[in-house]
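Engineer: this one's sequence-less:
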């Protein structure tokens with residue numbers, strides 16, 4: 001799944017709007033969920049949002065939002081932040097996903113065991129801002 005993740009990211013980084021490519025990716029949502037890790041899901045969602053692929057994102061975003069427990073349990077703040085941003089950017093309503101992310105952040109903040117570097121603190125701040 002890394003290849004799809006990397007290629008999607010590259011297309012978005014270069015602002016290359018390949019609609020058929022992204023429609024094909026969305027059509028592979030079951031395989032993406034089954035074989036992709038949280039970082040792959042994050043990169044692919046980010047690419048869809050960066051390029052404004054709103055018409056083809058729903059089936060993929062539906063599948064990703066159903067993985068909210070796995071995503072939040074990963075503790076990967078960058079992935080949660082990217083997916084949250086992608087959903088917000090394309091106005092995708094995923095209340096369950098955002099609730100799960102908010103619950104994860106409450107637990108992390110309450111534990112007091114997290115040492116956060118400056119860039120990671122900014123990413124966590126961005127995620128919390130999107131959730132609230």
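Structural biologist: Happy to help now that I have it. Here the structure is a predicted model, which means the values were calculated and not measured.
Engineer: Would you pull up how far the helix or strand that contains residue 87 lies from the middle of the chain?
Structural biologist: Following DSSP states H and E, the helix or strand that holds residue 87 is helix 77-89. Relative to the centre of its chain, helix 77-89 is centred 4 Å away, using Cα atoms, centre = their mean, to the nearest Å.
Engineer: For it, which helices and strands make contact with it?
Structural biologist: Here helix 77-89 touches helix 38-50, helix 54-65, helix 68-74, helix 95-111, helix 118-131, going by 3 or more Cβ pairs under 8 Å, 6 or more residues apart in numbering; DSSP states H and E. C-betas here are computed from N, CA, C, even on glycine.
Engineer: could you give me the average pLDDT of it?
Structural biologist: Averaged over helix 77-89, pLDDT sits at 89.
Engineer: Not counting sequence-adjacent ones, nearest residue to residue 50?
Structural biologist: residue 12 (3.9 Å; Cβ to Cβ, 6 or more residues apart in numbering).
Engineer: cool, residue 37 as well?
Structural biologist: Nearest non-adjacent residue to residue 37 (Cβ to Cβ, 6+ apart): residue 1, at 7.3 Å.
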